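Visitor: below are the sequence and a predicted model; questions follow.
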Amino acid sequence: MRSRKVLQREELGETFDRLRAEGKRVVFTNGCFDLIHAGHVQYLREASALGDVLVVGVNSDASVGRLKRNRPIVPEGQRVEVLSALEMVDYVTVFEEDTPYEVIRLIRPDVLVKGGDWRVEDIVGAELVGDVRSLPYRQGLSTTGIIELIIERFCRAR
């Protein structure tokens, strides 16, 4: 059974029109969220604090495959399940494209957020949103770092 937090593309416009009509401040962020770790949790907690409703756009497996070599590690269904279980995440939606531009256009969030490894002027969809933020990057907390550590400890040691 699909979580009520998981929205299909055709549900986005109506859902977020309703929330805005209720006076809710909608925050949007996106990413691959492969191997979800403490950095992701801290980031999502900070993003959530910027409004009333946090929606997370997740790159599909095909999208991640085009953007990152040998990824994803965790299939999109599992990534979505973990994200939707987090208390600070109100909605999750998957997008097939390489960028979330169309999802941002449909949702029309009040706040658009990315991690500190993104400059505000480089954030996709920034021109569609009034408030665009780049939250601080947490050194040492990255999926790539976790993968490299696993390779170093478990593969090269043999």
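Guide: All right, it came through fine.
Visitor: can you pull the contacts of Trp16?
Guide: Quick fix: residue 16 reads Phe, not Trp. For Phe16, the set of contacting residues under the criterion of Cβ atoms under 8 Å, 6 or more residues apart in numbering consists of Val26, Val55, Leu106, Ile107, Arg108, Pro109. Quick note: C-beta positions are derived from backbone N, CA and C, even for glycine.
Visitor: so the second one sits against Tyr91, correct?
Guide: Yes: in terms of Cβ atoms under 8 Å, Val55 counts as a neighbour of Tyr91; the distance is 4.2 Å.
Visitor: need the overlap of contacts for those two.
Guide: In terms of Cβ under 8 Å, 6+ apart, Val55 and Tyr91 are both contacted by the residues Leu7.
Visitor: which outside residues touch the helix or strand encompassing Val27?
Guide: With elements delineated by DSSP states H and E, Val27 resides in strand 26-31, which encompasses its position. For strand 26-31, contacts defined as Cβ under 8 Å, 6+ apart pick out 16, 19-20, 43-44, 47-48, 50-59, 95, 100, 103-104, 107-115, 129.
Visitor: just the buried residues of those residues.
Guide: The neighbour-count test (16 or more other Cβ atoms under 10 Å) marks 16, 19-20, 43-44, 47-48, 50-51, 53-59, 95, 100, 103-104, 107-115, 129 as buried among the contacts of strand 26-31.
Visitor: picking that back up, any chance of the contacts of Phe16 in TSV, with pLDDT, distance to Ser63 and secondary structure too?
Guide: Listed next are the contacts of Phe16 as TSV, based on pLDDT from 0 to 100; distance: Cβ to Cβ, whole Å; DSSP: H, G, I helix; E, B strand; the rest coil:
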residue	pLDDT	distance to Ser63	secondary structure
Val26	98	22	strand
Val55	98	17	strand
Leu106	96	17	helix
Ile107	97	17	helix
Arg108	96	21	coil
Pro109	97	20	coil
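Visitor: switch those residues over to CSV; also include distance to Asp34.
Guide: Written out in CSV, the entries for those read as follows (distance: Cβ to Cβ, whole Å):
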residue, distance to Asp34
Val26, 25
Val55, 19
Leu106, 24
Ile107, 22
Arg108, 27
Pro109, 23
